[in-house]
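Visitor: I would like to see how this sequence folds:
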Amino acid sequence: MKLLKPIVLLFVLVAGWSACSTEVNLEAEWKDIPIVYGFLNVQDSAHYIRVQKAFLEPGGDALQVAQINDSIYYSDVAVTLENRTKGTSFVLERVNGEEEGYDKEEGVFSNSPNILYKISAEEADLEGGNEVFLRVDRGDELPPATATTIVLSPIDSVSSSPSNNINTWRYNQLLPVSWRPGPEALIFDVRFIIHYREVIPGQMEEPVAKTLEWVVNKSVLRDNPDGEREKVDISGQSFFAFLGSAIPPSQGEVRVFDFIDIVITGAGEEFRDFVLVEQANTGITSAQNIPIYTNVEEGLGVFTSRYQLVRRGVRLGGEARDTLENGIFTRDINFN
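Guide: As a prediction, the model looks like this:
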């Protein structure tokens with residue numbers, strides 16, 4: 001694991017990163033720092049790598065510099081993916097993410113164009129267990145930024161846990177949600193996508209489809225890398241209490257519960273280490289200057305792999321449906 005103290009330069013914040021400090025110095029001796037961010041996924045139709053840079057010349061205005069494309073993007077870099085397991089290597093294509101359907105959120109930094117480096121999944125031909133080496137060459141005799149990760153193998157569902165029909169889920173009852181990960185996945189995010197419909201009798205001809213996302217646990221650490229099964233236990237009270245807080249009390253609306261999609265996202269060693277660093281530096285006992293995790297040599301960033309399992313169509317019935325309609329947490333939101 002590689003840790004860096006907060007940089008005394010303009011830091012380009014990428015998705016999934018967070019850091020805090022009581023003191024931030026935006027000026028230092030000029031230095032070019034590559035920021036690299038990429039999650040490889042064998043389920044994707046294309047793989048994208050974000051490469052930006054972070055620096056501020058002494059005396060500069062950070063907010064002005066952040067809005068200048070030349071200040072956050074390299075004009076000429078070579079981004080290479082090398083599959084060391086298969087002995088193949090590819091130079092990625094520079095693209096505008098906006099034209100690929102990936103807009104960059106507006107904020108302090110310039111959001112257009114959204115420069116990314118791309119290779120199609122068919123050309124890259126990645127498989128679970130492959131060791132992949134990333135190299136970013138900036139020229140000008142500067143050292144390349146490099147990183148290595150292992151591509152995640154598929155995560156399999158355990159269809160009996162839970163069953164496709166949950167008939168009993170009392171407040172004090174734990175519902176196990178299980179899955180079978182490949183050997184490379186070391187941290188997991190568990191979410192429920194809850195589907196229901198809403199109608200106002202006499203005012204609406206057709207019900208309106210609604211969805212809610214419930215983050216059950218976003219940092220499930222794998223205790224035993226050799227274990228065949230991972231799971232989380234979810235209390236009925238936490239589920240019904242979430243519904244009761246997320247859906248406003250009925251003002252004439254009638255709601256119909258449809259089903260739950262269970263989403264399990266696994267990530268590799270690098271993202272696990274990133275999360276552990278973040279967790280170790282939160283709370284009242286945390287350090288004032290939070291270390292920045294990076295697995296990119298000669299740069300900053302996270303280069304790792306992920307895989308997502310989706311179990312669709314888990315339904316409530318029997319006693320669980322009665323609890324939804326009449327329980328203390330959900331009776332005011334009017335499910336029928």
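Visitor: going by C-alpha atoms from here, please, whenever you check contacts or count neighbours.
Guide: Fine.
Visitor: gap between the spatially closest residue to residue 269 that is not a sequence neighbour and residue 265?
Guide: Counting by CA to CA, 6 or more residues apart in numbering, residue 269 lies nearest to residue 186, which is 5.9 Å off, once chain neighbours are set aside. For residue 186, the distance to residue 265 equals 11 Å [CA to CA, to the nearest Å].
Visitor: more neighbours, those two?
Guide: Neighbours were counted for residue 186 and for residue 265 using other CA atoms under 10 Å; residue 186 has more, 24 against 19.
Visitor: residues contacting that one?
Guide: Contacts here follow CA atoms under 8 Å, 6 or more residues apart in numbering; on that basis residue 186 touches 221, 222, 225, 266, 267, 268, 269, 272.
Visitor: helices and strands of this structure: which one bottoms out on pLDDT?
Guide: One helix or strand of the chain scores below all others by mean pLDDT, DSSP states H and E: helix 62-66, with a mean of 40.
Visitor: before we move on, the earlier item: top of the contacts of residue 186 by neighbour count?
Guide: In those, the most neighbours by other CA under 10 Å go to residue 266, 28 neighbours.
Visitor: for it, give me its contacts.
Guide: Residue 266 touches 155, 181, 185, 186, 187, 188, 189, 306, 307, 308, counting by CA under 8 Å, 6+ apart.
Visitor: likewise for residue 211?
Guide: Going by CA under 8 Å, 6+ apart, residue 211 touches 193, 194, 195, 196.
Visitor: next step: these restricted to strands.
Guide: 193, 194, 195, 196 (DSSP state E).
Visitor: quick one: those as JSON lines, columns for distance to residue 213 too.
Guide: Shown next, in JSON lines, are the ones in strands among the contacts of residue 211 (distance: CA to CA, whole Å):
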{"residue": "193", "distance to residue 213": "5"}
{"residue": "194", "distance to residue 213": "6"}
{"residue": "195", "distance to residue 213": "9"}
{"residue": "196", "distance to residue 213": "12"}
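Visitor: what is the nearest of those to residue 241?
Guide: For the ones in strands among the contacts of residue 211, the minimum distance to residue 241 (CA to CA) is 13.6 Å, reached by residue 194.
Visitor: how many neighbouring residues does that closest one have?
Guide: Neighbour tally, residue 194, other CA under 10 Å: 20.
Visitor: for it, give the beta-bridge partners.
Guide: When bridges are called by DSSP bridges, residue 194 pairs up with residue 212, residue 260.
Visitor: how close does it sit to residue 263?
Guide: Taking CA to CA, one finds residue 194 at 11 Å from residue 263.
Visitor: same deal with residue 317?
Guide: For residue 317, the distance to residue 263 - CA to CA - is 21 Å.
Visitor: those two - which one has more neighbours?
Guide: residue 263 (19 against 14).
Visitor: just say helix, strand or coil for that one.
Guide: strand (DSSP: H, G, I helix; E, B strand; the rest coil).
Visitor: and it, what does it touch?
Guide: 189, 190, 191, 192, 193, 308, 309, 310, 311.
Visitor: tell me the domain ranges of this protein?
Guide: Structurally, the chain divides into domains by automatic domain parsing as follows: 2-16+23-151, 156-266+310-333.
Visitor: give me the below-cutoff pLDDT ranges for the stretch 201-336 of the chain.
Guide: 281-291 (pLDDT under 70).
Visitor: and residue 122, which of the three is it?
Guide: Under three-state DSSP, residue 122 falls in the helix class.
Visitor: same check, this time on the one 5 residues further on
Guide: The three-state label given to residue 127 by three-state DSSP is coil.
Visitor: I'd assumed residue 153 was in contact with it.
Guide: Yes: contact criterion CA atoms under 8 Å: residue 127 and residue 153 qualify, at 7.1 Å.
Visitor: quick one: end-to-end length of stretch 257-275, please.
Guide: Separation of the first and last residues of stretch 257-275 by CA to CA is 34 Å.
Visitor: what about it, distance to the chain center?
Guide: 8 Å (CA atoms, centre = their mean, to the nearest Å).
Visitor: done for today, thanks.
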